[in-house]
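A.B. asks: Turn this into a model:
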Amino acid sequence: MQSQGFEHIHKTGGIYMISKKLTSKAGITIPKSVRADLGWQPGMAVDLIEQEDGSLIIRPHVNLCRFCGTHENVQKYKDVCVCSSCGSKMKEAI
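C.D. replies: Sure thing, here's the model as predicted:
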């Protein structure tokens, strides 16, 4: 599968390899067919994760505890994400 300009899309076994140029504002657009396959909707939050080899992973946003960084048992309160463990420790400290 190939689109116009520099964009190249290759799909093997359900995995996409996409080559794109950054826009003048250093952005990229994820092709509609890829977003549809992933179930991603306009406006949804994503996380960009830099890897040691310089690659970048884009995944749906996962709330992380602001204090310890875990993603398990995280609740959001007034725009602050806190896991149950840190929440319990805070409650004991008060």
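
A.B. asks: From the chain's centroid, how far away is stretch 82-89?
C.D. replies: On the basis of C-alpha atoms, centre = their mean, to the nearest Å, stretch 82-89 sits 24 Å off its chain's mean C-alpha point.

A.B. asks: Just the buried residues of that stretch, please?
C.D. replies: Residues of stretch 82-89 classed as buried: V82, C83, C86, G87 (neighbour count, 16 or more other C-beta atoms under 10 Å). All C-beta atoms are positioned from the backbone trio N, CA, C, and that covers glycine.

A.B. asks: Residues touching that stretch, excluding its own?
C.D. replies: The contact list for stretch 82-89 (C-beta atoms under 8 Å, 6 or more residues apart in numbering) reads C65, R66, F67, C68, T70, E72, N73, V74, Q75, M90.

A.B. asks: rerun at 10 Å
C.D. replies: Under the criterion C-beta atoms under 10 Å, 6 or more residues apart in numbering, residues 63-77, 90 lie in contact with stretch 82-89.

A.B. asks: who's in contact with M44?
C.D. replies: M44 neighbours (C-beta under 10 Å, 6+ apart): R35, L38, P60, H61.

A.B. asks: and the last one, how many neighbours?
C.D. replies: Residues contacting H61 under the criterion other C-beta atoms under 10 Å number 10.

A.B. asks: Leaving out sequence neighbours, find the closest residue to it.
C.D. replies: A45 (3.6 Å; C-beta to C-beta, 6 or more residues apart in numbering).

A.B. asks: SS state for the closest residue to H71 other than its chain neighbours?
C.D. replies: Among residues not flanking H71 along the chain, V62 sits closest, at 5.0 Å (C-beta to C-beta, 6+ apart). Secondary structure assignment for V62 (DSSP: H, G, I helix; E, B strand; the rest coil): coil.

A.B. asks: And the pLDDT for the residue nearest to H61?
C.D. replies: Per-residue confidence (pLDDT) for A45: 91.

A.B. asks: Identify each buried residue in stretch 20-27, please.
C.D. replies: Those would be K20, for stretch 20-27 by 16+ other C-beta under 10 Å.
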